[in-house]
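# turn this into a model:
(4 chains)
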There are 2 protein chains.
Amino acid sequence: MPAPVLKCCFCCKQIVNLNPVLKTAGFKFGKLYVHTYICVVKLEEAIKSVNFRNQTHKAGLNILYTAWWLKTTMSRELKNFGLTHEQYNVLRILKGKNPEEMCVKDIAGRMIEKSSNVPRIIDRLVLKKLVKRSTDLEDKRHTLMSLTPAGVNILELSTAKINKLFDELIPMDDASASKLNTLLEKVREKEP
Amino acid sequence: MPAPVLKCCFCCKQIVNLNPVLKTAGFKFGKLYVHTYICVVKLEEAIKSVNFRNQTHKAGLNILYTAWWLKTTMSRELKNFGLTHEQYNVLRILKGKNPEEMCVKDIAGRMIEKSSNVPRIIDRLVLKKLVKRSTDLEDKRHTLMSLTPAGVNILELSTAKINKLFDELIPMDDASASKLNTLLEKVREKEP
DNA sequence: AACAAATACATGTACATACATGTAATATAA
DNA sequence: TTATATTACATGTATGTACATGTATTTGTT
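Numbering: from 1, shown residues only, chains lettered A, B, ... in the order given. Next up, the predicted model:
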């Protein structure tokens, strides 16, 4: 019998056994030993810390942790489509104008992470034939991108999955979500 | 006169002029032309999108964007100390047990981003002589880390700055921050 | 028209993430 | 005790972030 695979089936793969970060319980799945995990909901358990200076300080860490959690959850789903989170974002942005073409700057301005290196993300999408790239003849500095039919197709399939995931995963009514949005915008109220 | 540096002084460096993502206004600073920026507070402006399926969907994107904004803001401050965000995190975690030593797994379990590659972050801190590394003689699989005096010093200085930044930046009372924490934990309530 | 300035983006580097795999050390079981 | 399982971590690869710089193209000025 091969050595059992002792790996957390989703996150925290480096922390495999009996680590208090996780409430773990293993089970066998065919020839695999799969780690079930329950990622912890309370921030204090998640990062093993209770020493926050105040609730605002805790909120900062909570935002960072929740973003990581969300990104990881989505990435796991996107992996089934051979897409990374950022590649999916670019496809989604292109879809917004489809079948119109968009230049790098337009795409960059719509990215969530503003320091993304859009040309290189496009490189990978072009390799997978999900995006096609051409030069603008009106202004040759512009590189114009648009979705291929394969790109449209994979985006539709993956978006359906992601939306389903979101709806099932986050048990939140519109009023609470609205409140959350207001509070997050309050965090960003003062600009540095 | 040299070509003016047309660069956003903080974020969105790729989007320099008249981009609606930013409400820009330039000014001269010595020989530099510096871009002042006002990063947009409303998510709709920040990512130029209004088509959210519902408030929960918007909240997901809002969390991701706010986390990016927060990380970028902190990183800018940490750059003055020659530290990255992740290197700072590791120092902070080591400080929690100082002068006790910690192994890789202990540190990893306390990281906000659970998939961080702790040994390599440590590599860089050791190079800067902020952390020292040794092998546990009781269990030679363990690598033990602790802060050097220089590490303690730089952590104190940078933490003072980061705390000050936090307090001045985020205009939020304890009650609102508490509400925010509750809502973020509600987002993570169901585990995938 | 000719030159300078500005723009758009490609590309290079250091660091980080996400994940797979290799290796030495320890724990457990036959 | 010896073989096997398990752990801890180092290391390799692909991708992404953050930022600096190079280059072709366009715009603005004289």
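# tell me the spacing between residue A:145 and DNA strand D.
From residue A:145 across to DNA strand D, the span is 14 Å (C-beta to the nearest atom of the strand, to the nearest Å). All C-beta spots, glycine's among them, are computed from the backbone N, C-alpha and C.
# OK, now which residue of chain A is nearest to DNA strand C?
Of all residues in chain A, residue A:119 sits closest to DNA strand C, at 2.5 Å by C-beta to the nearest atom of the strand.
# host element of that residue?
helix A:118-127 (DSSP states H and E).
# is that helix anywhere near DNA strand D?
Yes - Helix A:118-127 reaches DNA strand D (C-beta under 7 Å from any atom of the strand) through A:120-121, A:124.
# okay, and the helix or strand of chain A with the least pLDDT?
One helix or strand of chain A scores below all others by mean pLDDT, DSSP states H and E: strand A:25-29, with a mean of 35.
# what stretches of chain A score poorly on pLDDT?
A:1-41, A:191-192 (pLDDT under 70).
# mind running it again at 50?
Applying pLDDT under 50 to chain A flags the ranges A:1-39.
# can you map out the helices along it?
A:43-46, A:55-79, A:85-97, A:104-110, A:118-127, A:149-169, A:174-187 (DSSP state H).
# the residue lying closest to residue A:49 once chain neighbours are set aside: how many residues sit nearby?
In space, and not counting its chain neighbours, residue A:49 is closest to residue B:110: 6.7 Å by C-beta to C-beta, 6 or more residues apart in numbering or on different chains. Residue B:110 is flanked by 22 other residues according to other C-beta atoms under 10 Å in any protein chain shown.
# list the contacts for the residue most central in space within chain A?
Nearest residue to the geometric centre of chain A (C-alpha atoms, centre = their mean): residue A:71, 3.0 Å. Going by C-beta atoms under 8 Å, 6 or more residues apart in numbering or on different chains, residue A:71 touches A:85, B:64.
# go with 10 Å
With contact set as C-beta atoms under 10 Å, 6 or more residues apart in numbering or on different chains, residue A:71 has these partners: A:85-86, A:112, B:60, B:63-64, B:67, B:113.
# how near is it to residue B:126?
Going from residue A:71 to residue B:126 by C-beta to C-beta, to the nearest Å gives 29 Å.
# over to residue A:106?
When residue A:106 is compared with residue B:126 (using C-beta to C-beta), they lie 43 Å apart.
# out of the two, which sits in the busier spot?
When neighbours are counted by other C-beta under 10 Å, residue A:106 and residue B:126 differ, and residue A:106 comes out ahead with 21 against 15.
# so who does that one touch?
Counted by C-beta under 10 Å, 6+ apart, residue A:106 has contacts A:93-94, A:96-97, A:100, A:118, A:142, A:144-145, B:15, B:19, B:48.
# mind putting these into CSV with distance to residue A:168 and neighbour count?
As requested, those are exported to CSV (distance: C-beta to C-beta, whole Å; neighbours: other C-beta atoms under 10 Å in any protein chain shown):
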residue, distance to residue A:168, neighbour count
A:93, 25, 23
A:94, 27, 26
A:96, 25, 14
A:97, 29, 15
A:100, 33, 10
A:118, 31, 23
A:142, 41, 17
A:144, 37, 18
A:145, 32, 25
B:15, 36, 20
B:19, 37, 18
B:48, 28, 17
